[in-house]
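# Just a sequence and a predicted model for now, questions to come.
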Amino acid sequence: MENFINVFVFIARFIVIALSSKQIGQFFRRFKLPLITGFLFTGIVAGPFGLKLITHEAVENLRVIDEISLAFIAFAAGSELYVQELRGRLKSIAWITLGLVILTFSLSAAAIFFFLSRYIPFMQNMSPAASFAVALLIGAILVARSPSSAIAILNELRAKGPFTKTVLGVTVIMDVVVIFLFAFTTSMADVLIANLGFDLKFALLLLGEFALSLGVGYLLGKLLHFVLSWSLNRRWKVLTILAIGLGVFVFSEQLRHLTHEFLSFEIFLEPILLCMIASFVVTNTSRYRTEFSKIIHETGPLIYIIFFTLTGASLELDVLMQTWPIALALFFVRLAGIFVGSFAGGVLAREPMARNKMWWMGFVTQAGVAIGLSKEVAVEFPPWGSALATMIISLVVLNEIVGPIFFKYAINLIGEAHDRADPHEFRGTRNAVIFGLRPQAVSLARQLMAHDWQVKMVCREPSELEGVDKPELTIELMPEVTVACLDAIQMSEADAIVTMLSDEENYAICELVYETYGTDTIVTRLKDRANFDRFHELGVLVVEPRTAVVSLLDHFVRAPAGTSLLLGMQEEQDIVDIELRNSDLDGISLRDLRLPLDVLILSVQRNGERIISHGYTKLTVGDKVTMVGNVETLEEVMLHFDA
């Protein structure tokens, strides 16, 4: 009973620590640091070398969490490798991958064995064979990349092109290759450390283990397919998949134990390799690929918080203080291997020399797989494994911090970034551009003009201008959707644009405006709901006529006064967004603003995010403040905020 209470208390304590880890990880992101850095930091602070909320004994007893997490990381690695998406650049991907694997692995292993081993405390008394085994393991782990980090950067920059496609393809394949390489080097290390000879029997055993791994991994993939086919709530599928991952580790350990007891040789199937093969099978042969990928992405954040927090708690800080110079040396050795390997691979693939000089910047980042493999070493080789894991994890953190900086720089330099441009400074008048000449567009233009906006209307075809007799409107012709045509209608001066053409034309305009001018307010009228996500990713405010009418009626029923006010149906009352440009008001609290009594602040938006405002909220230049009040009074406030 007492043991049960102790376990319950520790689990409750760890849940609180994990929740704190999530918040600390988000805090680290404010300083452009990776989330896992915050998770590791929390684990270090809460661990045996910090507040001792997680003890050495607790870390040992929570091996089951490590196993579930490692299985999940392997599932995630396999799910990223979808062969259909790689066919277009397969030649370049294959050559660069080959160059990276050979050069990174061989240079790292050679540097450890010939130069750095004498400076690593846990290697100083090892035999040459054991030192070579450690060098092989480290070399294999340093081959790992980080698909999740690469994808996050590509999404952030909206990068697309041959360079980014090749980098992503290589990164995904590398995480699969490294697991095979790790399984091979682990078997080699077992033989070297045990002082067993390399003979035909060992070679056949190694080949047999790989063949058996492929078979078991395939069957495991079919089991995952069966689980995904269940007509159950997704939560039950997630729990079952995690249980299968844990079961793979139990199966591998039991197989090793039984063959050791009853056979003259020992069979060890690397559980991470089995999980990766199973995930690859589901991703490439199952119709449940999309659902499996969604489960991985939805469950991933929770698993990573738990795993990396526990990893931080298991770090041996005394070893870290001794080995950080080695980690720094390995960083530069790995960088050299990446540069030479990617350059050679690009040359063999006959890629342009401009890209060959830049490939290396896309392959620096490491994350989950590398840390997972180092944790696996800690379990497989207890005497020195945890010290090696600590050294490798410090190197991974460095790569995770520096890698994204290199990758972003390379994408921008190669010209494949399509992120948002910086918006222009406010010039004293509010300008809007409306694409389309339909009656609704004309009505919108007149209403904006009634609120002192300078409005320009744009049409695509000369025939649209025939019969148009609206002298109060400024109408421009734009035959093509190009930057030159947008410049011709002075798009750079627009504070807001509204697109009311076809969805394809609207998207082309919105994308060009997003990338070239960075206009804050972009509104589009949507025709096909299936295109919503494309516009939403650009930050476009989407109006779908059918759902908009239903939503409007709903708000009229539930909040008739507020809806009437919003639509301008209340005489002399209005709601407006005012951007603060008066530097004299920078840093002033809302409670200290001298506003007219008939004006009320509803919300404050800062850097694209709406913040919860109260009397002590301090305004910053660039904030968008939503206000309601008398029309004339609001105009006075606008002048005060714009001064």
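Cool, got the structure.
# Give me the neighbour count for residue 29.
Residue 29 is flanked by 12 other residues according to other Cβ atoms under 10 Å. All C-beta spots, glycine's among them, are computed from the backbone N, C-alpha and C.
# wait, what's in contact with it?
Listed by Cβ atoms under 8 Å, 6 or more residues apart in numbering, the contact partners of residue 29 are 35, 38.
# try residue 188
Residues in contact with residue 188 (Cβ under 8 Å, 6+ apart) are 133, 136.
# and it, that's in a strand?
No: using DSSP: H, G, I helix; E, B strand; the rest coil, the assignment for residue 188 is helix, not a strand.
# just checking, residue 26 touches residue 38?
Yes: Residue 26 lies in contact with residue 38 (Cβ atoms under 8 Å); the separation is 7.3 Å.
# Just want to know which of those two has more residues nearby.
Neighbours per residue, other Cβ under 10 Å: of residue 26 and residue 38, the larger number sits with residue 38, 25 against 11.
# can you give me phi and psi for that one?
Torsion angles at residue 38 (phi, psi; degrees, to the nearest 10) stand at phi -70, psi -40.
# in this structure, which spans are strands?
Assigned by DSSP state E, the strands in the chain fall at 431-435, 454-459, 474-477, 496-499, 521-525, 541-543, 573-579, 599-606, 609-611, 624-630.
# pLDDT-wise, which helix or strand of this protein ranks last?
The weakest-scoring helix or strand in the chain, judged by mean pLDDT, DSSP states H and E, is helix 560-566 (a mean of 68).
# Quick one: closest of the strands of the chain to residue 180.
Evaluated over the strands of the chain, closeness to residue 180 peaks at strand 609-611, with 43.3 Å, by Cβ to Cβ.
# What pairs with that closest one, parallel or antiparallel?
strand 599-606 (antiparallel) (DSSP bridges).
# what separates residue 358 from residue 167, distance-wise?
Separation of residue 358 from residue 167 (Cβ to Cβ, to the nearest Å) stands at 9 Å.
# Counting neighbours, go ahead and name the busier of these two.
Using other Cβ under 10 Å as the criterion, residue 358 and residue 167 rank with residue 167 on top: 30 against 22.
# so what's the residue nearest to that one when sequence neighbours are not counted up against?
Closest residue in space to residue 167, ignoring its immediate chain neighbours: residue 362 at 3.7 Å, by Cβ to Cβ, 6 or more residues apart in numbering. Neighbouring residues of residue 362 by Cβ under 8 Å, 6+ apart: 150, 163-164, 167, 170-171, 406-407, 410.
# And for residue 285?
By Cβ under 8 Å, 6+ apart, the contact set of residue 285 is 221, 225.
# low-scoring stretches of the stretch 401-550 of the chain, by residue?
Applying pLDDT under 70 to the stretch 401-550 of the chain picks out residues 426-428, 467-470.
# Tell me which stretches of it form helices.
For the stretch 401-550 of the chain, helices defined by DSSP state H, counting those that start in this stretch occupy the ranges 439-450, 483-488, 503-516, 532-537, 545-558.
# Show me what the fourth one is packed up against.
What that stands for is helix 532-537. In terms of contacts (3 or more Cβ pairs under 8 Å, 6 or more residues apart in numbering; DSSP states H and E), helix 532-537 is packed against helix 503-516, strand 541-543.
# Tell me which of those sits most buried.
For the helices and strands packed on helix 532-537, the largest average neighbour count (mean count of other Cβ atoms under 10 Å) is found in helix 503-516, namely a mean of 19.
# Give me the contacts around that one.
Residues from elsewhere that reach helix 503-516 (Cβ under 8 Å, 6+ apart): 158, 418-421, 435, 460, 481-483, 486, 491, 494, 497, 499-501, 519, 522, 524-528, 531, 534-535, 538-540.
# still on that earlier bit, dump the helices and strands packed on helix 532-537 to TSV, plus distance to residue 53.
Listed next are these as TSV, based on distance: least, Cβ to Cβ, whole Å:
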stretch	distance to residue 53
helix 503-516	46
strand 541-543	46
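# Give me the distance between stretch 153-163 and the centre of its chain.
Computed by Cα atoms, centre = their mean, to the nearest Å, the chain-centroid distance of stretch 153-163 equals 12 Å.
# do stretch 83-95 as well
22 Å.
# So for that stretch, mean pLDDT?
What stretch 83-95 shows for mean pLDDT is 80.
# Quote the end-to-end distance of it.
16 Å (Cα to Cα, to the nearest Å).
# what residues does that stretch touch?
In contact with stretch 83-95 (Cβ under 8 Å, 6+ apart) are residues 162, 165-166, 169-170, 172-173, 284, 345-346, 348-349, 351.
# Mind listing what's buried along that stretch?
For stretch 83-95, burial by neighbour count (16 or more other Cβ atoms under 10 Å) applies to 86, 89, 92-95.
# Would you show me how to pick out the buried ones of the contacts of helix 503-516 in ChimeraX?
To isolate the buried members of the contacts of helix 503-516 in ChimeraX, using 16+ other Cβ under 10 Å:
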select :158,418,420,435,460,481,486,491,494,497,499,500,501,519,522,524,525,526,527,531,534,535,538,540
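# Excluding sequence neighbours, find me the nearest residue to residue 521.
Of all residues not flanking residue 521 in the chain, residue 496 sits nearest, at 3.8 Å (Cβ to Cβ, 6+ apart).
# ok, now residue 607?
Nearest to residue 607 is residue 622, by Cβ to Cβ, 6+ apart, at 7.9 Å.
# do residue 27 as well
Closest residue to residue 27 apart from its sequence neighbours, by Cβ to Cβ, 6+ apart: residue 38 at 6.4 Å.
# Residue 357 too?
Residue 357's closest residue in space is residue 343 (Cβ to Cβ, 6+ apart), at 7.1 Å.
# From residue 96, how far out is the one you found?
For residue 343, the distance to residue 96 - Cβ to Cβ - is 9 Å.
# which neighbours do the two share?
Common neighbours of residue 343 and residue 96, counting by Cβ under 8 Å, 6+ apart, are residue 359.
# more crowded one of those two?
In this view residue 343 and residue 96 are compared by other Cβ under 10 Å, and residue 96 has more residues nearby, 32 against 21.
# That one is in contact with residue 170, isn't it?
Yes: here residue 96 reaches residue 170: they are 5.1 Å apart, a contact under Cβ under 8 Å.
# ok, residue 61 - how many residues close by?
12.
# same thing with residue 579?
17.
# The nearest residue to it once chain neighbours are set aside pairs with what?
Excluding the flanking residues, the one nearest residue 579 by Cβ to Cβ, 6+ apart is residue 624, at 5.2 Å. For residue 624, the beta-bridge partners are residue 579, residue 605 (DSSP bridges).
# From residue 420, how far out is residue 624?
Residue 624 sits at a distance of 16 Å from residue 420 (criterion: Cβ to Cβ).
# Residue 315 and residue 46, how far apart?
Per Cβ to Cβ, residue 315 is found 11 Å from residue 46.
# Please apply the same query to residue 640.
Separation of residue 640 from residue 46 (Cβ to Cβ): 50 Å.
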